[in-house]
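Novice: Build me a model from this:
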Amino acid sequence: MLGKSYTELVLIRLCIIGFRLITPLSIAYLAGCLYTGTALFLPYLWPYAATEAFFYLCIFVPRRLRLQKAAEHPPMSQEERKELFDKCAVSMTAASTLHWFPSKERSTSRVRRDNAVAWLLWALFATDINEAAEEWEEELENYLGIMTKFLGYPLDKGHNPDLQCMRLTLDPVIIIHRPLVWYMIVGLVDTITTISLYFTGFRHFDTPKWFRVFPPRPLLVLFSNKSADSKIPYWYRPHRSTTKHPILFIHGIGIGLWLYIPFFRELIEQDPDVGILAIEILPVSMRITDPPLAKDAMCAAIARVLDAHGLPRVVVASHSYGTVVTGHLLQSPALAPRVASTLFVDPIPF
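Specialist: Predicted structure coming up:
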């Protein structure tokens, strides 16, 4: 993990700038080669530059366009929408609400009716203001009435152009390109992680769609077992203790399980008989792959994995993004009784 010193900050910023310059420099280099009719500088540099340019133009650009499609969510009933709104309204204040309406002049800018309606339509109806149905008007009026109370002022008619409400699943997705060499580094770290976990006593269980993950994982293709669920890969160290529960670990956003290996080793040193089941969520592990599973699908997949390995109850340890999945497990009528206890590290409120 990186520290917090000024030197380390400068170092990581320079590394980021360096990686972001690789692709434009590669394209500029190829243009120079075409213009001069010869390979500039080093004769073997142009194949790498061509590969980076191809990766950007033929992989990244089409993927960026494809990911702009609005997310699709299962519609909620009126009762479910009201329950969600009431739960949020308990802790909502004027200050917290205004964070959803960023403005350069926040002190003088007020939320108007159309701003609030656009936000509510996204948050509760998963739609845009242009697609609002007439039968929602009365329900929206009730929500707007409550909003005026914690905002502290009436909502004037119209739209305040200085305020643009954040609608996370409808707004354009801002995607930053990573060069091919970055994914080569990710693949190298994944290989080191695989070897480290294997020699720590873990065994990997992969899905049939291993080929839909980039960068590829050649070692796992050769040595993995078949996953108990076709949608999630995982690592498992067998549980042998008769007095303690096994551990279900769910990681956060990052580069996969590499950062957690020291933690696993510490747990094993304390009690080598306690099993560890570490779920891999590849969409949040710097991979190009399928989207993450929805709430119900993830819960069902984890249940099948637990059943396959004969784990009736587990201690759930989760970090960052993984705490969201843990929250889903605790809300599941089928899985909540199987959670003996929980450990949240840097949790996300749920």
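Novice: What about Asn225? Give its phi and psi, please.
Specialist: As for Asn225, its main-chain torsions (degrees, to the nearest 10) stand at phi -90, psi 170.
Novice: Pull the contacting residues for it.
Specialist: Arg203, His204, Phe205, Asp206 (CB atoms under 8 Å, 6 or more residues apart in numbering). All C-beta atoms are positioned from the backbone trio N, CA, C, and that covers glycine.
Novice: Leaving out chain neighbours, which residue sits closest to the last one?
Specialist: Spatial nearest neighbour of Asp206, excluding adjacent residues (CB to CB, 6 or more residues apart in numbering): Ser224 at 3.7 Å.
Novice: List the contacts of the one you found.
Specialist: Residues counted as contacts of Ser224 (CB under 8 Å, 6+ apart) are His204, Phe205, Asp206, Trp210, Pro233.
Novice: does the second one count as helix, strand or coil?
Specialist: Translated: Phe205. Here Phe205 is strand, with the state taken from DSSP: H, G, I helix; E, B strand; the rest coil.
Novice: Neighbours of it, how many?
Specialist: 22 (other CB atoms under 10 Å).
Novice: go on, Ser227?
Specialist: Around Ser227 there are 22 residues (other CB under 10 Å).
Novice: quick one: the residue lying closest to it once chain neighbours are set aside from Ile16, how far?
Specialist: Spatial nearest neighbour of Ser227, excluding adjacent residues (CB to CB, 6+ apart): Phe205 at 4.3 Å. Between Phe205 and Ile16 the distance is 35 Å, computed by CB to CB, to the nearest Å.
Novice: and what of Ala132?
Specialist: Distance from Ala132 to Ile16, by CB to CB: 41 Å.
Novice: between these two, which one's more packed in?
Specialist: Using other CB under 10 Å, the more surrounded residue of Ala132 and Ile16 is Ala132, with 16 against 11.
Novice: Surely the more buried one touches Ala118?
Specialist: No. Shown here, Ala132 and Ala118 do not form a contact pair, counting by CB atoms under 8 Å, at 9.3 Å.
Novice: Quick one: residues contacting Thr207.
Specialist: With CB under 8 Å, 6+ apart, Thr207 has these contacts: Ser227, Asp229, Ser230, Lys231, Ile232, Pro233.
Novice: I'd guessed the fourth one sits against Cys299; true?
Specialist: No. In this structure, Lys231 is not within contact of Cys299 by CB under 8 Å, at 11.6 Å.
Novice: which non-adjacent residue is nearest Pro172?
Specialist: What sits nearest to Pro172 in space, not counting adjacent residues and going by CB to CB, 6+ apart, is Gln68, at 6.1 Å.
Novice: hang on, the earlier thing: could you pull up the residues touching the residue nearest to Ser227?
Specialist: Ser224, Asn225, Lys226, Ser227, Ala228, Pro233, Tyr234, Trp235, Tyr236, Val305.
Novice: Please flag which of those residues sit within helices.
Specialist: When DSSP state H defines the helices, the subset of the contacts of Phe205 inside them is Val305.
Novice: Tell me how many other residues crowd the nearest residue to Leu124 once chain neighbours are set aside.
Specialist: Excluding the flanking residues, the one nearest Leu124 by CB to CB, 6+ apart is Arg81, at 4.5 Å. Close neighbours of Arg81, defined as other CB under 10 Å, add up to 18.
Novice: element containing Arg81?
Specialist: Using DSSP states H and E, Arg81 sits in helix 78-89.
Novice: Show residues contacting that helix.
Specialist: Contact partners of helix 78-89, identified using CB under 8 Å, 6+ apart, comprise Met76, Leu124, Phe125, Glu139, Tyr143, Ile146, Phe150.
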